[in-house]
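Undergrad: predicted structure and sequence below. I'll ask about it afterward.
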Amino acid sequence: MPYQYKTPYGTFVIRPHRSDPTRVELWIKEQKHCCGTYHSAREAAAEVHAHHTGNEQWDVCGLDVPENLDEWLNTAT
């Protein structure tokens, strides 16, 4: 953790929550916008994959992003 996945609409970043160690945050790096908080990195990745992020540009586009975190860039390594 954290994980990143680059798209034409921005780089999605899943990182530890700033004040709640039991949650993670989903950000669009270039927009410096937090899309939401989730119980796990897998849950956040699934929401990006399903286009349920709350970011209108992303949520209506048809691009595919892997749901599996193994296909995201793990920036902790």
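TA: All right, it came through fine. Please read all numbers here as calculations on a predicted model, not as lab measurements.
Undergrad: where does the nearest residue to residue 38 once chain neighbours are set aside fall, phi/psi-wise?
TA: In space, and not counting its chain neighbours, residue 38 is closest to residue 44: 4.2 Å by CB to CB, 6 or more residues apart in numbering. Yep, even glycine has a C-beta here, placed from its N, CA and C like the rest. In terms of degrees, to the nearest 10, the main-chain angles of residue 44 are phi -60, psi -40.
Undergrad: residue 44: neighbour count?
TA: 27 (other CB atoms under 10 Å).
Undergrad: ok, residue 70 to residue 42 distance?
TA: 10 Å (CB to CB, to the nearest Å).
Undergrad: how close does residue 11 get to residue 28?
TA: Using CB to CB, residue 11 is found at 7 Å from residue 28.
Undergrad: swap that for residue 44, sorry
TA: Remark: distance between residue 44 and residue 28 (CB to CB) = 12 Å.
Undergrad: and the nearest residue to residue 28 once chain neighbours are set aside, what does it touch?
TA: With sequence-adjacent residues excluded and distances taken as CB to CB, 6+ apart, residue 28 is closest to residue 10, at 4.2 Å. By CB atoms under 8 Å, 6 or more residues apart in numbering, the contact set of residue 10 is 28-31, 58.
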